[in-house]
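Chemist: got a sequence here, can you model it:
(4 chains)
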Protein chains: 2
Amino acid sequence: MPRILDSFRTNALRFSPQRYAVLQYLTTHPSHPTAEEVHKALNRNNPRASLATVYKALHALAQAGLVREVNLSANVTRFECAGERHHHFVCERCTRIEDLPWFDVAGLAVKTKAAPRTVRTWELVLYGLCESCQPQPKEKLKWRK
Amino acid sequence: MPRILDSFRTNALRFSPQRYAVLQYLTTHPSHPTAEEVHKALNRNNPRASLATVYKALHALAQAGLVREVNLSANVTRFECAGERHHHFVCERCTRIEDLPWFDVAGLAVKTKAAPRTVRTWELVLYGLCESCQPQPKEKLKWRK
DNA sequence: GTCCCTGCAAACGGTTTGCACCCGG
DNA sequence: CCGGGTGCAAACCGTTTGCAGGGAC
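Modeler: All right, here's what the predicted structure looks like:
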């Protein structure tokens, strides 16, 4: 994936196999994993990386703007690739976190309501049931596509 | 404050001086304090409450629906009285957290964009500069009210 | 030689828990 | 006597840090 290698070059971030592996894992797993999860996943294959190194890599990548921290539930930080801005959807049943397209929330008269404060950015998190956790319509139509 | 006493009665929550003090502190300090802050504040006056008790009280109050946890920054949980729903504004300079009126964000075509998920609720957090952290217009008009 | 990345283990800090004590009913 | 709130201290757990070792340049 030359794309990933490029991001090291263009972001003044030293390359290392561990950092590469962490970034690659995040790009291929858009599931907002925790540092622990990244650590476990990396140690199944190569290269290995200690938990401390995973943390350091994640912070270095975040510093370089390649990775974003996601703090939804207290007590644990999750990570994602810093692609386009988006919102998050949290399924209250399976706890999965999904990305939603970016809405211009603050354009919606919100800025005026927030006055006299100055709004620079915002975060919107929706809570509900994801597609596969929808309550099933009893029986009928079950086989209808 | 009979109002607060009432909430114990109507929420199937046992009264205790410590719980009362915690709840009272939250009602009179809408600054989203941490457990630590509540603890320190209580131990200046009476009744005292150990940190463990403050945590237990906060959780009991949250369970009863009288208090809400606010998780904005990772690594620390803040608490507020569970009054009307509202959004939060975080000042990026003084880190103050302010309440904003509730917007029907998800009514605005957002629900359709989130489909096929079902949206139950949402949280909107705005980031920027609060009123007293606004950049001052250089010199002029400084004394104009 | 210099820079800095890695890995280990210890430290850290917010939060939770186990347990003895105690108070009200 | 019982239920359960309190306080202390220890445990917990995600995260950070100090430090020795080592690889790239």
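Chemist: let's check: the centremost residue of chain A is which one?
Modeler: The centroid of chain A falls nearest to A:E80 when counting by CA atoms, centre = their mean (3.0 Å).
Chemist: and that one, what's its pLDDT?
Modeler: Note on A:E80: pLDDT of 97.
Chemist: and chain A, which of its residues are near DNA strand D?
Modeler: Proximity of chain A to DNA strand D, by CB under 7 Å from any atom of the strand, involves residues A:T34, A:A35, A:E36, A:L51, A:A52, A:Y55, A:K56, A:H59, A:N75, A:V76, A:T77. The way it works is simple: take the backbone N, C-alpha and C, and place the C-beta from them, glycine included.
Chemist: quick one, what contacts the first one?
Modeler: A:T34 makes contact with A:V76, A:T77, A:R78, A:F79, according to CB atoms under 8 Å, 6 or more residues apart in numbering or on different chains.
Chemist: next one: the fourth one
Modeler: Contact partners of A:L51, counting by CB under 8 Å, 6+ apart, are A:A35, A:E36, A:H39.
Chemist: element containing the residue nearest to the centre of chain A, please.
Modeler: Here A:E80 sits within strand A:78-81, counting by DSSP states H and E.
Chemist: so does that strand get close to chain B?
Modeler: No - Strand A:78-81 is not in contact with chain B by CB under 8 Å from any CB of the partner chain; minimum separation 9.5 Å.
Chemist: with only the CA atoms kept, save that strand in PDB.
Modeler: Provided in PDB are the C-alpha atoms of strand A:78-81 (Å, rounded to 0.1, in the frame of the first residue of the first chain):
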ATOM      1  CA  ARG A  78     -10.800   4.400  20.400                       C
ATOM      2  CA  PHE A  79      -9.000   5.300  17.300                       C
ATOM      3  CA  GLU A  80      -9.800   5.800  13.600                       C
ATOM      4  CA  CYS A  81      -8.000   6.900  10.500                       C
END
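Chemist: mind checking how far whichever strand in chain A runs longest is from the chain centre?
Modeler: Ranked by residue count under DSSP state E, the longest strand found in chain A is strand A:118-129. Centroid displacement of strand A:118-129 relative to its chain, using CA atoms, centre = their mean, to the nearest Å, is 14 Å.
Chemist: which neighbours in the sheet does that strand have, and how are they oriented?
Modeler: Here strand A:118-129 is paired, per DSSP bridges, with strand A:87-91 (parallel), strand B:118-129 (antiparallel).
Chemist: filter the contacts of A:L51 to the buried ones?
Modeler: Neighbour-count burial (16 or more other CB atoms under 10 Å in any protein chain shown) applied to the contacts of A:L51 gives A:A35, A:H39.
Chemist: out of the contacts of A:L51, which is nearest to DNA strand D?
Modeler: A:A35 (4.2 Å; CB to the nearest atom of the strand).
Chemist: re earlier: which of the contacts of A:L51 come close to chain B?
Modeler: By CB under 8 Å from any CB, no member of the contacts of A:L51 lies near chain B.
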